[in-house]
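1. model this:
(chains A and B)
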Amino acid sequence: MIEAENKKVQILDFEKPIYKMQEKIEELKKISMDTNMNYNSEIETLEKQTDEYKKELYENLEPYQKLQIARHPMRPNFYDYVHFMTEDFIELHGDREGTDDKAIAGGVARINGIPVMIIGTVKGKTTKENLECNFGMPQPQGYRKALRLFEHASRFNLPIITLIDTMGAYPGIKAEETGQGIAIAVNLKEMAKLDVPVISVITGEGCSGGALGLAVSDKVMILEHAYYTVISPEGCASILWRDAAMANKAANALKITGDDLLKFKIVDEVIKEPIGGAHYDPELMANNLKDSLLRALDEFKDMTPAELKNHRYNKFRELGVFAQ
Amino acid sequence: MSLTDWFNKRKQEQKQALRENEINIDDSIGKLWSLCYNCNSQLPKKDLEHNLMVCPNCDYHFRISARERIKLVIDEGTFEEKFANIKGVDPLDFVDTKPYYKRQEEAHTKTGLDEAVIVGVGNIDGQRVAVAVMDFEYMGGSMGSVVGEKVTRIMELALQEKIPMIAFTASGGARMQESALSLMQMAKTSCAVARLNEAKILYITVLCEPTFGGVTASFGTLGDIMIAEKGARIGFAGRRVIEQTIKQKLPADFQTAEYLLKYGQIDFIVERKEMKEKLSKLISMHTKK
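-> Numbers count the residues shown, from 1 in each chain, chains lettered A, B, ... in the order given. Below is the predicted model:
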């Protein structure tokens, strides 16, 4: 897969051995063609070894390596998932107070025929796109737009799906002046009151309050190489170690990956990614995600609004570790 | 040189002189005198304490501990601490330059507190209220599992007893050493506020110096009425983070209570000496006669 796509896929440092092995295989194939000699068995062994190595590598990634996959510039974004998973998507814009924050998008769509409200943070793939959506870092107005759509969905009985991939809420002057903290806080509180099922998926970066502002949900899932944390490992390292270069250590200490989060019940499910990460096969990734979402929607479809609210309350009520 | 330049220069020189003097001050004098961080005047500790830890010259409000604040607003002898049995652990075995459990021990030794919040019930002019009071001296008032749990429980108690709830915040944000568990406390406490809203229980937040990050983005700013103590700095992102992101200097009064009031983010600012009176009036107007 890598050899077919390496022209557009940026290779990460720890992936280089695979790339080298594949180059060798290509070379051998070429030699065998040119010289008319049969190296098939050698090629086959090498390919098998490469596959085994790949499997081993991606199953045992360090947190900081996963983080690099989660941040990959080609990682599928909100619109990719909407494209692959839903039909009839109609985007709904604006906070009704003068702003349409492009870092958060949302709209109505059908997933397997079921009408839903789907909302997510948006990262761009090109510099131009990223400037437009502020590299996926929402302003308070983005959270208010999301809240407007949450309440709309609650009124019209549309289950809510949120897809989260953000470095966090934007730290800026205007953001502070217009209440970044308040906008997030209000979302946390109002999400607790919604009458419909809410399912959230951390698809890439799940950093801090900026991610949580869309994730007070009945079920929280995370993709295999995505991460969810209270602060970015770089931010944590620069505060606690006084050195952002210690991000690698901070990533380990913060326990940011799916398996650790499952242990503390912070997420309910880890969704498998294609080998190498979502960007190697966005469509397969979207299918895996869709399967999990449909299962989750089914799980909550018969609950009454009161039951859902209780379920959501109790889910977060339980989180935390202390002695008494 | 304009006149203002001359004044500025003179002020700088005075400050410099003060700093030089400071080094010479004997430790024993240091125990009796405090230096105002704002106007640099030397204040006798006793006078300062008598003035509720507010500088008599420039009105600068010094940070006060949770216990001092409880004394300040709750009728004498009526405060009853709750959920003091909830204590912190080190769920992630977190180690940075120091292990987390060491930091917890040090904070305990420094403050005599078990965690960064004290919760309980008491009276304000005879009106029963539930309170959560944060203490910045315990690990920067950061919110981890214990803070989240205690705040949630006291809110649930307010709900059960149908009494107003007041939160006094002073926090650097979520506690990094508990990572996503800390993040979840933002959700947990906010869900508890949702229940207060639905039961129409009055919830007042008093934002004190300083309130940032995860507390600003959760129960800290969810009050039906949001008050800030004079001079308090309140924000979501820290000043340094914003400066690094936007690569420009911020105005001096950025993120102060006064700045937030100007931008419509809080209801009003209150001086420490009138805190109790204002809270008392608010509560009496919101509870049925």
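2. show me where chain B has helices.
-> Here chain B has its helices, by DSSP state H, at B:3-24, B:27-32, B:45-50, B:66-73, B:100-111, B:145-161, B:179-198, B:213-216, B:239-246, B:257-262, B:275-286.
3. could these be laid out in CSV, adding mean pLDDT, distance to residue A:232 and mean neighbour count?
-> No exception for glycine: its C-beta is placed from N, CA and C like everyone else's. Converted to CSV, the helices of chain B look like this (pLDDT from 0 to 100; distance: least, Cβ to Cβ, whole Å; neighbours: other Cβ atoms under 10 Å in any protein chain shown):
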stretch, mean pLDDT, distance to residue A:232, mean neighbour count
helix B:3-24, 71, 36, 10
helix B:27-32, 66, 40, 9
helix B:45-50, 90, 40, 13
helix B:66-73, 97, 30, 19
helix B:100-111, 97, 19, 16
helix B:145-161, 98, 21, 23
helix B:179-198, 98, 11, 26
helix B:213-216, 98, 13, 31
helix B:239-246, 91, 11, 16
helix B:257-262, 97, 26, 18
helix B:275-286, 98, 37, 16
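4. partner strands of the biggest strand by length in chain A, parallel or antiparallel?
-> Looking across chain A with DSSP state E, the single longest strand is strand A:198-207. Strand pairing for strand A:198-207, using DSSP bridges, gives strand A:160-166 (parallel), strand A:219-223 (parallel), strand A:227-229 (parallel).
5. need the helices of chain B in a markdown table (columns: distance to residue A:221).
-> A markdown table is the format used below for the helices of chain B (distance: least, Cβ to Cβ, whole Å):
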| stretch | distance to residue A:221 |
| --- | --- |
| helix B:3-24 | 56 |
| helix B:27-32 | 56 |
| helix B:45-50 | 54 |
| helix B:66-73 | 38 |
| helix B:100-111 | 28 |
| helix B:145-161 | 23 |
| helix B:179-198 | 14 |
| helix B:213-216 | 23 |
| helix B:239-246 | 29 |
| helix B:257-262 | 36 |
| helix B:275-286 | 41 |
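6. that older thread, just the strands paired with strand A:198-207: most buried one?
-> Greatest average neighbour count among those goes to strand A:227-229 (a mean of 30), per mean count of other Cβ atoms under 10 Å in any protein chain shown.
7. the nearest residue in space to residue B:278 that is not next to it in sequence and residue A:303, how far apart?
-> Of all residues not flanking residue B:278 in the chain, residue B:270 sits nearest, at 5.2 Å (Cβ to Cβ, 6 or more residues apart in numbering or on different chains). Going from residue B:270 to residue A:303 by Cβ to Cβ, to the nearest Å gives 44 Å.
8. more neighbours: which of the two?
-> residue B:270 (19 against 15; other Cβ atoms under 10 Å in any protein chain shown).
9. residues in contact with the more buried one?
-> B:206, B:227-230, B:278 (Cβ atoms under 8 Å, 6 or more residues apart in numbering or on different chains).
10. which of the residues you listed are buried?
-> Using 16 or more other Cβ atoms under 10 Å in any protein chain shown as the burial test, these include B:206, B:227-230, B:278 as buried.
11. kindly reformat these as CSV containing distance to residue A:41.
-> Putting those into CSV (distance: Cβ to Cβ, whole Å) gives the following:
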residue, distance to residue A:41
B:206, 77
B:227, 78
B:228, 76
B:229, 78
B:230, 81
B:278, 86
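12. quick check: angle from the longest strand of chain A to helix B:179-198?
-> 140 degrees (axes from the mean of the first three to the mean of the last three Cα atoms, to 10 degrees).
13. only alpha carbons, please: show strand A:198-207 as CSV.
-> What follows is strand A:198-207 as a C-alpha-only set of coordinates in CSV (Å, rounded to 0.1, in the frame of the first residue of the first chain):
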residue,chain,number,x,y,z
VAL,A,198,-25.2,11.8,21.5
ILE,A,199,-22.3,9.8,20.2
SER,A,200,-18.8,11.2,20.0
VAL,A,201,-15.7,10.0,18.3
ILE,A,202,-12.2,11.3,18.8
THR,A,203,-10.9,10.9,15.2
GLY,A,204,-7.5,12.5,15.6
GLU,A,205,-6.4,15.0,18.3
GLY,A,206,-8.6,15.3,21.3
CYS,A,207,-6.9,18.1,23.2
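14. mean confidence for that strand?
-> In this model, strand A:198-207 has a mean pLDDT of 98.
15. what separates that strand from the chain centre, distance-wise?
-> 5 Å (Cα atoms, centre = their mean, to the nearest Å).
16. which stretches in the stretch 101-250 of chain A count as helices?
-> A:127-132, A:140-155, A:173-177, A:180-191, A:208-212, A:233-236, A:247-253 (DSSP state H, counting those that start in this stretch).
17. tell me how far the first one is from the chain's mean position?
-> Put plainly, it is helix A:127-132. 19 Å.
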